[in-house]
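**Q** compute the structure for the input listed below.
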Amino acid sequence: MAQKVWSGLFLLQLRTIHLRLCLVQSKCVKQEFNSSEKQALAANNRRMGFILLSVVVTFFIGIVIKRSMLG
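**A** So this is what the prediction gives:
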């Protein structure tokens with residue numbers, strides 16, 4: 001099986017996306033909550049987002065594996 005070589009431009013774009021996600025995350029963490037209800041809602045939203053992200057990532061990994069195995 002041939003090994004893929006990532007181009008420099010792809011790696012630069014990947015790093016840029018990672019840095020932007022970290023920046024957004026740091027802005028979200030700085031929010032102050034006035035009540036425990038808002039804190040609970042924010043925690044539920046984070047959990048739901050993580051679950052949805054996991055489903056999407058699993059789906060695309062499955063597609064990649066299927067393409068690599070079946071050609």
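**Q** output the below-cut-off pLDDT ranges for this structure.
**A** Residue ranges of the chain with pLDDT under 70: 1-11, 25-34, 71.
**Q** and with 90 instead?
**A** Across the chain, residues meeting the criterion (pLDDT under 90) sit at 1-40, 42, 64-71.
**Q** which stretches in it count as helices?
**A** Listed in chain order, the helices of the chain (DSSP state H) span residues 8-29, 36-70.
**Q** can you lay out those as CSV showing mean neighbour count?
**A** Bear in mind the C-beta positions are built from the backbone N, C-alpha and C, glycine included. Supplementary listing: the helices of the chain in CSV, determined by neighbours: other C-beta atoms under 10 Å:
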stretch, mean neighbour count
helix 8-29, 10
helix 36-70, 10
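**Q** residues contacting Val55?
**A** Counting by C-beta atoms under 8 Å, 6 or more residues apart in numbering, Val55 touches no other residue.
**Q** distance of it relative to Ile61?
**A** 11 Å (C-beta to C-beta, to the nearest Å).
**Q** and Ser68, by the same measure?
**A** 11 Å.
**Q** then Thr16?
**A** Counting by C-beta to C-beta, the gap from Thr16 to Ile61 is 22 Å.
**Q** cool, and Arg20?
**A** Taking C-beta to C-beta as the measure, Arg20 falls 22 Å from Ile61.
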